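Asker: Sequence first, predicted model second:
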Amino acid sequence: MNEASNQPRTKYDKLFNVFEQFYASLPELSDRRISDLRDSWNLAKAQYEKFLSAGESKSRIAAGLEQGLRELPLLLADVELKNRSQVVAALSSAVRTFYPDFAAKEAKRLEEILTTGKIRGENQFYLVRHRIDELEGSGDSETQLGKLYRLVDEFEARLRR
């Protein structure tokens, strides 16, 4: 399904394929966190099949999958440091391939955080943290990295007060 003409049509299909490609691209990675997440994904897939067979709509399941995708950077925070850049690259590739609209929405959310100059909660924190991991792995955008580090430091300082 990598060719544009074969792209998945429903939000459910897009999200399902994001997770499938993400975990399939890390088969040899020996990281406890990824192993646990992969096991959870395999269980979830079986549940989705049962729900769909029972008449549940794909759009309803897609809502949960999208929330899961939004929270995945939080779960990936526990990935071993030596594996983090590979994991982040695999996730970014899967999202760009199957659900580029999601990537665009997340980029817009990140831009809003940069514009306000403040992280306002845990979800925003993990979005910024995930972007830092992406940039550190690529070696690009030192200027943006500096801004992101500052935002994270300020957010963590507020939590310590």
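Answerer: Arrived safely, thanks for sending.

Asker: Skip ahead from the least confident helix or strand in the chain by mean pLDDT and say which helix or strand is next.
Answerer: Scoring the helices and strands of the chain by mean pLDDT, DSSP states H and E places helix 122-138 at the bottom, with a mean of 83. Using DSSP states H and E, the next helix or strand after helix 122-138 towards the C-terminus is helix 142-160.

Asker: Pull the residues that contact that following helix.
Answerer: For helix 142-160, contacts defined as Cβ atoms under 8 Å, 6 or more residues apart in numbering pick out 113-114, 117-119, 125, 128-129, 131-132, 135-136. All C-beta spots, glycine's among them, are computed from the backbone N, C-alpha and C.

Asker: Point out where this structure drops to low pLDDT.
Answerer: The model of the chain has pLDDT under 70 over residues 1-8, 137-141.

Asker: other SSEs contacting the biggest helix by length in the chain?
Answerer: Looking across the chain with DSSP state H, the single longest helix is helix 32-53. Applying 3 or more Cβ pairs under 8 Å, 6 or more residues apart in numbering; DSSP states H and E, we find helix 32-53 packed against helix 11-24, helix 58-76.

Asker: And those: which comes nearest Arg84?
Answerer: Ranking these by proximity to Arg84 (Cβ to Cβ) places helix 58-76 first, at 7.6 Å.

Asker: got the CA positions of that closest one in PDB?
Answerer: This file holds the C-alpha atoms of helix 58-76, laid out as PDB (Å, rounded to 0.1, in the frame of the first residue of the first chain):
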ATOM      1  CA  LYS A  58     -14.500   1.700  11.700                       C
ATOM      2  CA  SER A  59     -14.900   5.400  12.500                       C
ATOM      3  CA  ARG A  60     -15.600   4.600  16.200                       C
ATOM      4  CA  ILE A  61     -12.500   2.400  16.400                       C
ATOM      5  CA  ALA A  62     -10.500   5.000  14.500                       C
ATOM      6  CA  ALA A  63     -11.200   7.600  17.200                       C
ATOM      7  CA  GLY A  64      -9.400   5.300  19.700                       C
ATOM      8  CA  LEU A  65      -6.600   4.600  17.300                       C
ATOM      9  CA  GLU A  66      -6.000   8.300  16.700                       C
ATOM     10  CA  GLN A  67      -5.800   8.900  20.500                       C
ATOM     11  CA  GLY A  68      -3.400   6.000  20.700                       C
ATOM     12  CA  LEU A  69      -1.200   7.500  18.000                       C
ATOM     13  CA  ARG A  70      -1.300  10.900  19.800                       C
ATOM     14  CA  GLU A  71      -0.200   9.200  23.000                       C
ATOM     15  CA  LEU A  72       2.400   7.000  21.400                       C
ATOM     16  CA  PRO A  73       5.300   9.500  22.000                       C
ATOM     17  CA  LEU A  74       4.500   9.400  25.700                       C
ATOM     18  CA  LEU A  75       4.800   5.600  25.600                       C
ATOM     19  CA  LEU A  76       8.000   5.800  23.600                       C
END
